[in-house]
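Visitor: Pasting a predicted model and its sequence here:
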Amino acid sequence: MSRPRLGFLGTGWIGRHRMAAILAGGAVEAVGIADPSPEMAAEAAKLAPGAAVVNGLDELLALRPDGVVIATPSALHAEQSIRALRAGAAVFCQKPLGRTAAEARAVVEAARGADRLLAVDLSYRHTEGMRRIREVIGEGGLSHPFAVDLTFHNAYGPDKPWFRDPVLSGGGCVMDLGVHLVDLALWALDFPAVTDVSSALFAGGEPLAGRTDRVEDYAVATLTLATGAVVRLACSWNLHAGRDAVIAAEFQGSAGGAALRNENGSFYDFTAERFRGTARETLASPPDDWGGRAAADWAARLAAGARFDPSAEELVAVAEVLDRIYGR
């Protein structure tokens, strides 16, 4: 059976990293590369010397790829994903899939209608630590999970202006970082319904208070789940954190606890532990090369002939929670 042929749309740092992870397995081949920066496209071409360098999505789709990998600014994700799906290509897209739940829903429906595989780069699911924590929860190791505490503070912030434009980004640190936190909590708990959401958003230390001319750089939110569990999340850009990043996902149950925490401010190194009273057990520790696993998994499933996966509905569920955090 021939290998699926892929087009890569957007080949900045993240796009090239995911491209390398996808091609490393050898199950797919790159046939096209498109990026508005000739320098970025040239760097990507080094990973796939036989791929055509083209101008934009139209020319990429003219190559009739079996799949398209999208790593472009957020405002373009939904429209580009829908065009690719309707052209018959599977899609792997950077997060967020859409700036709103309506956009995410439209993409999922396009994937369903085309019967094509759709996935989003919710990469923290693929850390070994979170895999192990989800196993523990699924096996009943915490008994009744009743509290989840999620944190993602980035002491830096996005370096591209569009991230801070509400129209282009759809939101600030919640859209950029909080999407991972919401997804991790719901995924680990097998996607229970969210019955209530409250939140507070800040920009430059001041309450955003419904302003639509800027995005939040600090946010806290509380989700109440149909199971009775409560999820608290906090995320930020440019926080005075005393380190590069503070990232954690902590789960408490009636029979134990578990936590994923980054080490020494790292964006990449995580330790996962399980707790019983004052005792602790290490579930996973660095090194763990997890960054490209979501992309590689999508490529492997595509090569195995996978079509539309109904679990794509989870993408809409996460987007709906983000809408509620934003009060829309």
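Guide: That came through, no problem.

Visitor: What sits closest to Ser123 if chain neighbours are left out?
Guide: With C-beta to C-beta, 6 or more residues apart in numbering as the criterion, Ser123 has its nearest non-adjacent residue at 4.8 Å, and that residue is Ala294. Placement of C-beta: from N, CA and C, glycine included.

Visitor: Share the number of residues neighbouring that neighbour, please.
Guide: Other residues within reach of Ala294 by the criterion other C-beta atoms under 10 Å amount to 21.

Visitor: remind me which residues of the stretch 1-150 of the chain are low pLDDT?
Guide: By pLDDT under 70, the weakly predicted segments of the stretch 1-150 of the chain are 1.

Visitor: Quickly find the element holding Phe146.
Guide: Under the assignment given by DSSP states H and E, the secondary-structure element containing Phe146 is strand 145-154.

Visitor: try Val246
Guide: strand 245-253.

Visitor: same thing with Val197?
Guide: Taking DSSP H and E as the criterion, Val197 maps to strand 194-203.

Visitor: returning to that earlier point: figure out how far the strand holding Val246 is from the centre of its chain.
Guide: Relative to the centre of its chain, strand 245-253 is centred 17 Å away, using C-alpha atoms, centre = their mean, to the nearest Å.

Visitor: angle of the next helix or strand along the chain from that strand against strand 145-154?
Guide: The helix or strand immediately downstream of strand 245-253 is strand 256-262, counting by DSSP H and E. Following axes from the mean of the first three to the mean of the last three C-alpha atoms, to 10 degrees, one obtains 10 degrees for the angle between strand 256-262 and strand 145-154.

Visitor: Residues in contact with strand 256-262: which ones?
Guide: Taking contacts as C-beta atoms under 8 Å, 6 or more residues apart in numbering, the residues outside strand 256-262 that touch it are 127, 129-130, 133, 136-137, 141-143, 245-251, 269-276, 283.

Visitor: Show me the strands in the stretch 151-300 of the chain, by range?
Guide: 194-203, 206-207, 218-225, 230-237, 245-253, 256-262, 270-276, 279-284 (DSSP state E, counting those that start in this stretch).
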